[in-house]
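K.L.:
I'll drop the sequence and a predicted model, then ask my questions.
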Amino acid sequence: MLQSVLQCPQPHGWIETVTSKYSGTVHILDAKVLPDGAVQHLFDIQVRPELVGDLLDELGRDKDLIEIETIKSKSGHVYGFATSQRCTVCKEVAKSRCFVSSVESTSEGARWTIIGNDDAFGGLLTALDANEIAFEVILKRSLENTELLTARQEQILSVALERGYFDFPKKIGLEELAAVAEIKPATLAEILRRAQKKILSKYLDRRSLLHESKD
């Protein structure tokens, strides 16, 4: 399993709105291409708490978003899923069977943290070339094969929450938290991503069932 960082153009649509206009960070917990070609993302957005309301209002008016459902926290996190027809990079990542771990805006475009195996990553680069999308591989490294047990996920999440990792601004960074947990930063990032995905997926599934029962 590889973790790679690509310097690519700013993503189109709602991700660009979050990263460029609101100086936020988007962590993609999962992504898939739907039968009609649209891309659905399960995400964790982090912006300054006072900007959350304006951001959600703007995303609600975004004509490129087919569907969006969000859960907001007092600390500036917004969790949920969004379905959009735009963002070629997102679509090619999902097709390649890689995962977008995060997207961060920079003065030179955007930095995409990608996780996948050698074949999937190679296929992604080929697809980006075919779509004439300029990119640069900033980082490429192997991830440890770590068995992520539920008990381990709960332990890491508890420590992260207690130490202020999910606060905005963060009270502890990824490398510091990894030192506390005595694991590598890349391994910690993957544990957190998997745990957040599991919790959020269950929450949204339960909300969907509630909506169906009301209908």
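P.N.:
It's in.
K.L.:
domain parsing for this protein?
P.N.:
Per automatic domain parsing, the structural domains of the chain span 2-142, 150-214.
K.L.:
what about Leu6, how many neighbours?
P.N.:
Neighbourhood size, Leu6 [other C-beta atoms under 10 Å]: 24. No exception for glycine: its C-beta is placed from N, CA and C like everyone else's.
K.L.:
what strand or helix carries it?
P.N.:
Per DSSP states H and E: Leu6 is located in strand 2-8.
K.L.:
tabulate the domains of the chain (CSV), appending mean pLDDT.
P.N.:
CSV is the format used below for the domains of the chain (pLDDT from 0 to 100):
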stretch, mean pLDDT
domain 2-142, 84
domain 150-214, 76
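K.L.:
of those, flag the one that's most buried.
P.N.:
Between those, the one whose residues have the most neighbours on average, counting mean count of other C-beta atoms under 10 Å, is domain 2-142 (a mean of 17).
K.L.:
how about the residue nearest the centre of the chain, nearest residue that isn't a chain neighbour?
P.N.:
Residue closest to the average C-alpha location in the chain (C-alpha atoms, centre = their mean): Ile28, at 1.6 Å. Of all residues not flanking Ile28 in the chain, Val100 sits nearest, at 3.9 Å (C-beta to C-beta, 6 or more residues apart in numbering).
K.L.:
what helices and strands are in contact with whichever strand or helix holds the one you found?
P.N.:
Here Val100 is covered by strand 99-106, with elements defined by DSSP H and E. Applying 3 or more C-beta pairs under 8 Å, 6 or more residues apart in numbering; DSSP states H and E, one finds that strand 99-106 contacts strand 25-33, helix 88-96, strand 109-116, helix 185-214.
K.L.:
paired strands for it, with orientation please.
P.N.:
Each strand paired with strand 99-106, and its direction, by DSSP bridges: strand 25-33 (antiparallel), strand 109-116 (antiparallel).
K.L.:
do you know which of those strands lies nearest Glu175?
P.N.:
Among these, strand 109-116 comes nearest to Glu175, with 14.7 Å by C-beta to C-beta.
K.L.:
next, the angle helix 88-96 makes with that closest one.
P.N.:
For strand 109-116 and helix 88-96, the angle between their directions (axes from the mean of the first three to the mean of the last three C-alpha atoms, to 10 degrees) works out to 0 degrees.
K.L.:
relative orientation of strand 109-116 and strand 2-8 in degrees?
P.N.:
Interaxial angle, strand 109-116 versus strand 2-8 (the same axes, to 10 degrees): 160 degrees.
K.L.:
which residues touch strand 109-116?
P.N.:
By C-beta atoms under 8 Å, 6 or more residues apart in numbering, the list of residues contacting strand 109-116 from outside reads 1-11, 19, 89, 93, 96-104, 121, 124, 138, 143, 190.
K.L.:
repeat the analysis, applying 6 Å as the threshold.
P.N.:
3-11, 98-99, 101-104 (C-beta atoms under 6 Å, 6 or more residues apart in numbering).
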